[in-house]
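A.B. asks: Just the structure for this:
(one chain, ligands or ions: 1)
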Amino acid sequence: MKGDIGVIGLAVMGQNLILNMNDHGYKVVAHNRTAEKVDEFLQGPAKGTNIVGAYSLQELVDKLESPRKIMLMVRAGDVVDSFIDKLVPLLDKGDIIIDGGNTNFPDTNRRVAALKEKGIHFIGSGVSGGEEGARFGPSIMPGGSPEAWPFVKPIFQAISAKTENNEPCCDWVGNDGAGHFVKMVHNGIEYGDMQLITEAYQFMKDGLGMTHDEMQSVFIEWNKTELNSYLVEITSDILGYKDTDGEPLVEKILDTAGQKGTGKWTGINALDMGIPLTLITESVFARCLSSLKDQRVEAEELFGKKESIVEGDKQAWIEALRQALLASKIISYAQGFMLMREASNENGWDLNYGNVALMWRGGCIIRSAFLSNIRDAYDIDPELSFLGSDSYFKGILENSMSAWRKVAAKSMEVGIPMPSMTSALTFLDGYTTARLPANLLQAQRDYFGAHTYERVDKPKGEFFHTNWTGKGGDVSSTTYNS
Ligand code: NBP
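C.D. replies: Model prediction:
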C-alpha cells in the first residue's frame, strides 16, 4: 500500500505532524536531508507505527499515492525553493507540494504562480501551536492552488485542533499566499498579546510591588474572565515556576527578547498597505528596545531613573489593569483584522474573517475564548470594518475606558513603559475623532512643497494650492498618495 502523504523535514514540527497524521490513520512517508535522522525517527518516536522512511526524493515520490501530496516542514526561504526545484522533475501534473513552514507570503505567491505553469499545485500553509500543537492538534491555515484543497482537506482537518463544538481549526483561507498572510498576522497578534501581558506584569511587579506568587494568582483569576487564553495560562505557570534555589526562574532570564521576523513582516505590510497597526508594531519595537540591554543599563544610571511606585488601592489597580489589558487586546485584534481586510481587497482573496477567528480558536498560541466572540461579530456582520464597532466589543471598550485611561496615565506619571497599552488607547482616541489635526499638516505640506489640499467646503477630489508667503509661485506639486 502506498503512502497518503510525504513529509520532508524531521525537526520538531515535521516529526510531530507525522505522528499526528499516523494517529489519524494516514500512512506517512518521511524524508529528511540528513538521512540518519530518518533512521533515528523510525527507530525512536515512530517505532511500531505505520510510518515509513524514504532516503531519497525519488524514493519518497515512488512511495506515494497519486496525486502525490508532499509537505515541506523545513527552514523557510531558500531551502523551500531548493526542495521544490529538486522535486518538480520527479512529479507528475496534478501532484501537490505543501509548504507548512513560516514563509513570507510573497514567496508563496511566487511559488503558486511558477508551479501552476508546470501543472503542479502548491499550498502554502501556516501551522501554529508549536511542538504540542503539531503533535495533538495545531491550527492550520492553508492557501494557494484551490484545486489541491479537496485532496489535502481530509488529512489537515483530521489532524487539526477542534473547537469545543468539534469544528476543525483549519479551513481553506484563499488563493496564493493568503494562508501564509493570515499566519503572519496571527504571529503579529501573538507578539501583541505577549507584549500586553508583559506590560501588566511590569506594572504589578515594579509599580504595585507584588510578589510572584501574588502575580501568579492574578493571572489564574484573569484566566477565568474574558481574558481566558493559552498565553495568560502559561504566564501564570511561568510566574509560579521556581529555580533550584527556590527563587522565581523568570527573574533570572536575561531581558532581551528574540524574534524570527513574522512580527516585523506584519508591521512592514501594515506600512505598505497604509493600515495603522500601531499595537503590533509597538510590540516589535519593544523587542528591539529590549535588545539594547547595555545601552539601557547605562541610560538608567545616566538619567538616575527612580523606582516607579504606584500608590493606592492595590486590588482596584489590578482590576483596572485587567480592563486595560482586555481593551488593548480588542484594539490589537481590530487592527490585525483591518490589515487582513486590506490585504484581502488588494489581492482579491475574499477572506472569511469568521473562519479565520475559528481557525485561531484552538491549537494555536493565541487561542482564547475571545476568538469565539470575534467569530460571532463577523457572523453578524461579515463586512465589519472595525471590530470595536461590534456591540459586544464596543460595550467592553466603553466600560473599560476609565480604568484604561487611569492605567495609561499612571504608567506615564511613574515611568513604567507600556507602549502597547498606551498606543492602543491613542489609536482608539484617534479613530473615534471625526476631525484630526491633519488639516494643519496638509497646510504645512502645501506651504513648503506645494503639495495641495482639499477643502471641507468643496467636493472631495478638488485640490487647492495657496501661495502662503506671497513669495512662492502658483505652480503646485503633483497630487498622489503613496
Ligand atoms: P527548522 O526550522 O529548524 O528546520 C529544520 C529542517 O530544515 C530539518 O529537516 C533540516 O534538515 C532542514 N534544513 C535546513 Br535547517 N537547512 C537545510 C538545507 N540547506 N537543505 C535541506 N534541508 C535543510 O525546523 P522546525 O522548527 O521543525 O520548523 C519547520 C518549519 O515550521 C519552519 O519554517 C518553522 O519556521 C515553522 N514553524 C516552526 C514552529 C516551531 O515551534 N518550531 C512553529 C510553527 C511553524 P537537516 O536535519 O538535514 O538539517
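A.B. asks: Start and end of stretch 90-108, how far apart?
C.D. replies: Start and end residues of stretch 90-108 are separated by 21 Å (C-alpha to C-alpha, to the nearest Å).
A.B. asks: pretty sure L57 is touching H31, no?
C.D. replies: Yes: using C-beta atoms under 8 Å, L57 is in contact with H31, at 6.9 Å. C-beta here means a position set from N, CA and C on the backbone, and glycine is covered the same way.
A.B. asks: the more surrounded of the two?
C.D. replies: H31 (25 against 19; other C-beta atoms under 10 Å).
A.B. asks: got the end-to-end distance for stretch 23-40?
C.D. replies: End-to-end distance of stretch 23-40 (C-alpha to C-alpha): 19 Å.
A.B. asks: buried set for it?
C.D. replies: Of the residues in stretch 23-40, 26-32, 37-38 count as buried by neighbour count, 16 or more other C-beta atoms under 10 Å.
A.B. asks: So V29: helix, strand or coil?
C.D. replies: Applying DSSP: H, G, I helix; E, B strand; the rest coil to V29 yields a three-state assignment of strand.
A.B. asks: quick one: it and T266, what's the gap?
C.D. replies: Remark: distance between V29 and T266 (C-beta to C-beta, to the nearest Å) = 35 Å.
A.B. asks: Now for F41: which residues touch it?
C.D. replies: Applying C-beta atoms under 8 Å, 6 or more residues apart in numbering, we find F41 in contact with 10, 15, 18, 30, 32, 51, 53.
A.B. asks: Please tell me which one of these counts the most neighbours.
C.D. replies: Neighbour counts for the contacts of F41 peak at I18, which has 29 neighbours (criterion: other C-beta under 10 Å).
A.B. asks: Around the ligand, pick out the residues from the stretch 51-200 of the chain.
C.D. replies: By C-beta under 6 Å from any ligand atom, the residues of the stretch 51-200 of the chain that approach the ligand are 73-76, 79, 101-102, 127-128, 130.
A.B. asks: Hmm, D206 is touching I416, no?
C.D. replies: Yes: applying C-beta under 8 Å, one finds D206 in contact with I416, separated by 6.0 Å.
A.B. asks: Okay, now the unreliable bits of the stretch 1-150 of the chain?
C.D. replies: Nowhere does the stretch 1-150 of the chain drop to pLDDT under 70.
A.B. asks: What segments of it are helices?
C.D. replies: 12-23, 36-43, 57-62, 78-87, 105-117, 130-136, 149-159 (DSSP state H, counting those that start in this stretch).
A.B. asks: which one of these is the most hemmed in?
C.D. replies: Highest mean neighbour count among the helices of the stretch 1-150 of the chain (mean count of other C-beta atoms under 10 Å): helix 12-23, with a mean of 21.
A.B. asks: Give me the nearest residue to the residue of the stretch 251-400 of the chain found nearest the ligand, chain neighbours excluded.
C.D. replies: Residue nearest to the ligand within the stretch 251-400 of the chain (C-beta to the nearest ligand atom): K260, separated by 6.9 Å. Once flanking residues are discounted, K260 sits nearest to N102: 7.1 Å by C-beta to C-beta, 6 or more residues apart in numbering.
A.B. asks: That neighbour: neighbouring residues, count only.
C.D. replies: 20.
A.B. asks: Can you get me the start-to-end distance on stretch 382-389?
C.D. replies: One end of stretch 382-389 to the other measures 13 Å (C-alpha to C-alpha).
A.B. asks: hmm, who's touching that stretch?
C.D. replies: Contacts of stretch 382-389 (C-beta under 8 Å, 6+ apart): 330-331, 333-334, 337-338, 341, 352-354, 374, 377-378, 390, 393-394, 397, 428, 431.
A.B. asks: let's see 6 Å
C.D. replies: By C-beta atoms under 6 Å, 6 or more residues apart in numbering, the list of residues contacting stretch 382-389 from outside reads 330, 333-334, 337, 377, 393-394, 397.
A.B. asks: Just checking the distance from that stretch to the centre of its chain.
C.D. replies: On the basis of C-alpha atoms, centre = their mean, to the nearest Å, stretch 382-389 sits 19 Å off its chain's mean C-alpha point.
A.B. asks: Repeat that for stretch 400-414.
C.D. replies: 26 Å.
A.B. asks: average pLDDT across that stretch?
C.D. replies: Mean pLDDT, computed over stretch 400-414, is 98.
A.B. asks: contacts for it?
C.D. replies: Counting by C-beta under 6 Å, 6+ apart, 308, 310, 320-321, 323-324, 327, 418, 422, 425 sit against stretch 400-414.
A.B. asks: Columns distance to I155 on top of those residues, output as a markdown table?
C.D. replies: Converted to a markdown table, the contacts of stretch 400-414 look like this (distance: C-beta to C-beta, whole Å):
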| residue | distance to I155 |
| --- | --- |
| S308 | 52 |
| V310 | 52 |
| A320 | 47 |
| L321 | 43 |
| Q323 | 43 |
| A324 | 42 |
| A327 | 40 |
| M418 | 44 |
| T422 | 45 |
| L425 | 44 |
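A.B. asks: which among the residues you listed end up buried?
C.D. replies: By 16+ other C-beta under 10 Å, these give 308, 310, 320-321, 323-324, 327, 418, 422, 425 as buried.
A.B. asks: By proximity to the ligand, which residue of this protein wins?
C.D. replies: Ranking the residues of the chain by distance to the ligand (C-beta to the nearest ligand atom) places G101 first, at 2.4 Å.
A.B. asks: Can you give me the neighbour number for that residue?
C.D. replies: Neighbourhood size, G101 [other C-beta under 10 Å]: 24.
A.B. asks: which residues touch it?
C.D. replies: Going by C-beta under 6 Å, 6+ apart, G101 touches A76.
A.B. asks: C-terminal to the strand or helix carrying S236, what's the next element?
C.D. replies: Element membership for S236 (DSSP states H and E) is helix 230-240. Later in the chain than helix 230-240, the nearest helix or strand by DSSP H and E is helix 262-273.
A.B. asks: Give me the secondary structure label for S423.
C.D. replies: helix.
A.B. asks: so after the biggest helix by length in the chain, what's the next helix or strand?
C.D. replies: In the chain, taking DSSP state H as the definition, the longest helix is helix 314-347. The helix or strand immediately downstream of helix 314-347 is helix 353-359, counting by DSSP H and E.
A.B. asks: Distance from the chain centre to the very next helix or strand once past that following helix, please.
C.D. replies: Note on helix 353-359: by DSSP H and E, the next helix or strand toward the C-terminus is helix 370-380. On the basis of C-alpha atoms, centre = their mean, helix 370-380 sits 18 Å off its chain's mean C-alpha point.
A.B. asks: What residues of helix 370-380 count as buried?
C.D. replies: Buried positions in helix 370-380, judged by neighbour count with 16+ other C-beta under 10 Å: 370-371, 373-375, 377-378.
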